[in-house]
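S.K.: sequence below, structure please.
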Amino acid sequence: MEISSLSAVSFGMPFRHSSSSSSSSSSSISASSSTTHFPSRTRKSPKLQLQHASDLTSTLTSVGQLLTMKDLNATLHHFANSNKFNHVSQLFLWMQENKKLDVYSYSHYIKFMANKLDASTMLKLYNDIQVESAKDNVYVCNSVLSCLIKKGKFDTTMKLFRQMKHDGLVPDLVTYSTLIAGCVKVKDGYPKALELIQELQDNKLRMDDVIYGAILAVCASNGKWEEAEYYFNQMKSEGRSPNVYHYSSLLNAYSACGDFTKADALIQDMESEGLAPNKVILTTLLKVYVRGGLFEKSRELLAKLESLGYAEDEMPYCVLMDGLAKARQTHEAKIIFDEMMKKHVMSDGYAHSIIISAFCRAKLFQEAKQLAKDFQTTFDKYDVVIMNSMLCAFCRAGEMESVMETLRKMDELAISPDYNTFNILIKYFCRKNMYLLAYRTTMDMHSKGYQPAEELCSSLIYHLGQENASSEAFSLYNMLRYSKRTIGKALHEKILHILLAGKLLKDAYVVFKDNATSISGPTTKKFASAFMKSGNINLINDVMKTLHNCGYKIDQGLFEMAVSRYLGQPEKKDLLLHLLQWMPGQGYVINPSTRNLILKNSHLFGRQLIAEVLSKQRVKLNAQKSN
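M.R.: Numbers count the residues shown, from 1 in each chain. Prediction:
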């Protein structure tokens with residue numbers, strides 16, 4: 001289908017083409033031909049000059065202002081149809097600068113450039129639209145929303161959708177089908193899709209075949225087979241005839257629970273409606289059989305797929321191999337793999353990935369390592385899934401050189417690590433006692449937007465503490481603390497012990513202050529004693545107050561250590577006086593030995609002031625004795 005046809009389908013409107021030439025152009029051509037004796041047809045119209053320009057900037061300068069909006073939109077279409085996307089961008093920018101844009105300009109440009117622009121650029125393009133009629137135009141809005149959905153920006157899409165409605169958008173069925181389709185790959189996609197269906201119904205819109213197809217796909221991706229069945233039956237009750245796509249989605253929903261009885265009945269229903277099962281249907285049915293543990297029946301269906309020419313690629317083989325591998329039937333999975341290799345089935349390496357993972361799961365690490373090396377020498381196609389399988393095999397086998405070689409390969413091929421990549425490496429580095437490398441990998445993982453598992457981080461924090469890497473352990477702890485999730489109470493106490501061992505007392509105080517109620521009595525005592533002996537003298541009074549506020553009974557030993565620290569630095573007399581003044585109000589008095597120590601050094605702080613403070617202390621002490 002040509003791009004112009006696709007445009008009509010996507011936007012619900014035909015593309016408007018300009019007329020061949022204007023009357024003024026004809027006059028110019030006629031005058032020129034009379035002097036040069038060339039036929040008029042050898043002179044191109046401004047539109048054609050632009051479409052065939054070798055220097056677009058120069059041509060726009062000379063003929064741009066002669067072109068109508070229709071001409072410019074037609075030229076955008078021409079460049080896109082010729083895969084000249086740089087020209088599309090350059091012309092659109094000129095149109096923006098010269099205020100020659102309409103609804104068609106935006107809708108076509110967004111459609112043509114959807115795969116070329118990232119989500120943030122597309123969002124900025126929409127927000128910068130100056131033509132009011134374009135900003136709330138349903139075709140423009142649908143194109144923008146569709147682009148963002150394809151980029152995996154569902155939350156951003158929904159936020160923009162709400163903004164569009166506020167600005168005047170009246171959503172149509174295409175809008176809702178686009179958004180519901182976006183619910184397929186997001187967490188809690190099903191309830192989000194239900195909200196959209198309720199909204200479209202509130203707007204007096206009726207579900208059509210496309211909407212039914214979208215909600216069925218969402219049900220399938222969320223394992224909601226009963227709900228999928230409901231929508232399928234509702235569709236039929238309305239007199240609609242489900243197509244292969246609808247049957248495929250319901251069948252896929254059945255695969256989630258491995259309900260082969262319902263799946264077989266659905267295939268019979270489909271055939272009774274005159275629809276022949278295609279490759280997608282039969283492959284999905286294979287998935288149902290595999291999930292249901294019907295491996296013999298699965299092999300028979302795989303043979304049928306082969307006979308129909310539907311097993312030219314690795315997908316059906318991978319479905320069966322993966323099921324066998326997860327059922328711990330590694331040997332049987334390898335037999336299917338060997339048959340596939342013998343038949344020279346087209347593969348992108350996923351079959352290797354499945355068997356490598358199966359070998360690792362069965363602790364056949366040498367076999368996994370060998371297959372990974374075979375893959376390296378046989379294929380030149382790599383992606384993150386394949387690389388993760390290879391890394392897992394090499395890590396399990398303890399092949400450090402192969403691990404590093406695989407990482408270099410990923411770097412060379414610009415394959416970005418994903419959550420699984422980091423997890424594999426961190427566990428491997430920890431197993432090899434390479435804790436600092438594991439720490440750096442974890443921090444890199446976090447910087448890439450992935451949240452490491454708390455259990456893994458907690459273990460790494462402990463080992464970093466054992467290696468006297470207290471600062472690194474604290475950085476890892478802070479990463480978890482600020483990751484918007486609740487972390488286990490035990491981790492606070494664990495990091496406190498590490499910080500005390502590393503003499504990072506100021507950091508220890510931060511941890512204790514924020515989590516005092518989660519810290520055990522013995523650990524609180526250890527922290528208090530360590531801080532009074534060596535902590536920042538300016539924070540001693542704050543620590544005392546924190547200890548008291550969390551219910552810890554401060555003993556005379558701590559007060560004596562604090563007083564001794566202050567006596568050693570007379571310039572801190574205000575802090576000492578503040579402590580002595582604070583104590584009676586909280587029910588504390590110093591013991592006689594500490595009192596005598598202060599009196600001996602009272603000349604350093606002012607004898608009269610010290611006498612008054614100690615007098616109040618004595619009054620408090622006498623009151624306690626009388627009670």
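
S.K.: quick one: buried residues of the helix or strand that contains residue 305?
M.R.: Residue 305 is part of helix 295-307 when elements are defined by DSSP states H and E. Across helix 295-307, burial judged by 16 or more other C-beta atoms under 10 Å covers 295, 297-299, 301-302, 304-306. All C-beta spots, glycine's among them, are computed from the backbone N, C-alpha and C.

S.K.: for stretch 460-470, same thing?
M.R.: So stretch 460-470, judged by 16+ other C-beta under 10 Å, has buried residues 460-465, 469-470.

S.K.: among the residues you listed, which are in helices?
M.R.: Taking DSSP state H as the definition of helices, these contribute 460-465, 470.

S.K.: any weak-confidence spans in the stretch 301-450 of the chain?
M.R.: For the stretch 301-450 of the chain, applying pLDDT under 70 flags the ranges 380.

S.K.: distance of residue 115 from residue 491?
M.R.: Taken as C-beta to C-beta, to the nearest Å, the spacing of residue 115 relative to residue 491 amounts to 44 Å.

S.K.: same question, residue 257
M.R.: Relative to residue 491, residue 257 is positioned 38 Å away (C-beta to C-beta).

S.K.: who has more neighbours out of the two?
M.R.: More crowded of residue 257 and residue 491, by other C-beta atoms under 10 Å: residue 491, with 20 against 15.

S.K.: return the residues in contact with that one.
M.R.: When the contact criterion is C-beta atoms under 8 Å, 6 or more residues apart in numbering, the partners of residue 491 are 454, 458, 461, 477, 480.

S.K.: now the two most distant members of the ones in helices among the buried residues of stretch 460-470.
M.R.: Largest separation among these by C-beta to C-beta: 460 and 470, giving 13.2 Å.

S.K.: follow-up on the earlier one: of the ones in helices among the buried residues of stretch 460-470, closest to residue 362?
M.R.: Taking C-beta to C-beta as the measure, residue 362 lies nearest residue 460 of those, at 27.5 Å.

S.K.: where does pLDDT dip in the stretch 101-250 of the chain?
M.R.: Residues of the stretch 101-250 of the chain meeting the criterion pLDDT under 70: none.

S.K.: where do the helices sit along it?
M.R.: Counting by DSSP state H, counting those that start in this stretch, residue ranges of the helices within the stretch 101-250 of the chain are 103-113, 119-127, 132-135, 138-150, 154-166, 173-182, 189-202, 209-221, 225-237, 244-257.

S.K.: average pLDDT for the helix or strand following the last one?
M.R.: With elements assigned by DSSP H and E, the helix or strand that comes after helix 244-257 is helix 260-272. Regarding helix 260-272, the rounded mean pLDDT is 92.

S.K.: what is helix 260-272 packed up against?
M.R.: When contacts are defined as 3 or more C-beta pairs under 8 Å, 6 or more residues apart in numbering; DSSP states H and E, helix 260-272 packs onto helix 244-257, helix 279-291.

S.K.: take the buried residues of stretch 460-470 and lay them out in TSV including pLDDT.
M.R.: TSV is the format used below for these (pLDDT from 0 to 100):
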residue	pLDDT
460	93
461	93
462	93
463	94
464	94
465	93
469	93
470	94
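
S.K.: who touches stretch 394-412?
M.R.: The contact list for stretch 394-412, computed with C-beta under 8 Å, 6+ apart, reads 360, 363, 365-366, 368-369, 372-373, 376, 382, 384, 387, 390-391, 415, 417, 421, 424-425, 427-428, 431-432.

S.K.: these in helices, which ones?
M.R.: 360, 365-366, 368-369, 372-373, 376, 384, 387, 390-391, 421, 424-425, 427-428, 431.

S.K.: so residue 524 sits against residue 547, correct?
M.R.: Yes - because the distance of 7.1 Å satisfies C-beta atoms under 8 Å, residue 524 is recorded as touching residue 547.

S.K.: and for these two, which residues touch both?
M.R.: With contacts taken as C-beta under 8 Å, 6+ apart, the residues that reach both residue 524 and residue 547 are residue 516.

S.K.: these two: which has the busier surroundings?
M.R.: Looking at residue 524 and residue 547 with other C-beta under 10 Å, you find the greater number of neighbours at residue 547, namely 22 against 19.

S.K.: quickly find the element holding that one.
M.R.: When secondary structure is defined using DSSP H and E, the element that contains residue 547 is helix 540-549.

S.K.: list the contacts of the residue nearest to residue 588 when sequence neighbours are not counted.
M.R.: The shortest distance from residue 588 to any residue other than its chain neighbours is 6.4 Å, reached at residue 554 (C-beta to C-beta, 6 or more residues apart in numbering). Residues counted as contacts of residue 554 (C-beta under 8 Å, 6+ apart) are 528, 544, 547-548, 588.

S.K.: give me the pLDDT for residue 554.
M.R.: The predicted structure lists residue 554 with a pLDDT of 89.

S.K.: correct me if wrong, but it is in a helix.
M.R.: No - according to DSSP: H, G, I helix; E, B strand; the rest coil, the state of residue 554 is coil, so it is not within a helix.

S.K.: quick one, phi/psi of it?
M.R.: Residue 554 adopts backbone torsions of phi -80, psi 130, taken as degrees, to the nearest 10.

S.K.: could you measure it against residue 590, distance?
M.R.: Where residue 590 is concerned, residue 554 sits at a distance of 11 Å (C-beta to C-beta).

S.K.: picking up where we left off before, tell me the two of the buried residues of helix 295-307 that are most distant?
M.R.: Using C-beta to C-beta, the buried residues of helix 295-307 reach their maximum pairwise distance at 295 and 306, which is 16.4 Å.

S.K.: picking that back up, give me the contacts around whichever helix or strand comes after the helix holding residue 305.
M.R.: Next in sequence after helix 295-307, counting helices and strands by DSSP H and E, comes helix 315-326. Residues external to helix 315-326 that are found in contact with it (C-beta under 8 Å, 6+ apart): 283, 286-287, 290-291, 293, 295, 298-299, 302, 305, 310-311, 330, 332-333, 336-337, 339-340, 345, 350-351, 354-355, 357-358, 361.

S.K.: in helix 315-326, what counts as buried?
M.R.: Buried residues in helix 315-326, counted by 16+ other C-beta under 10 Å: 315-325.
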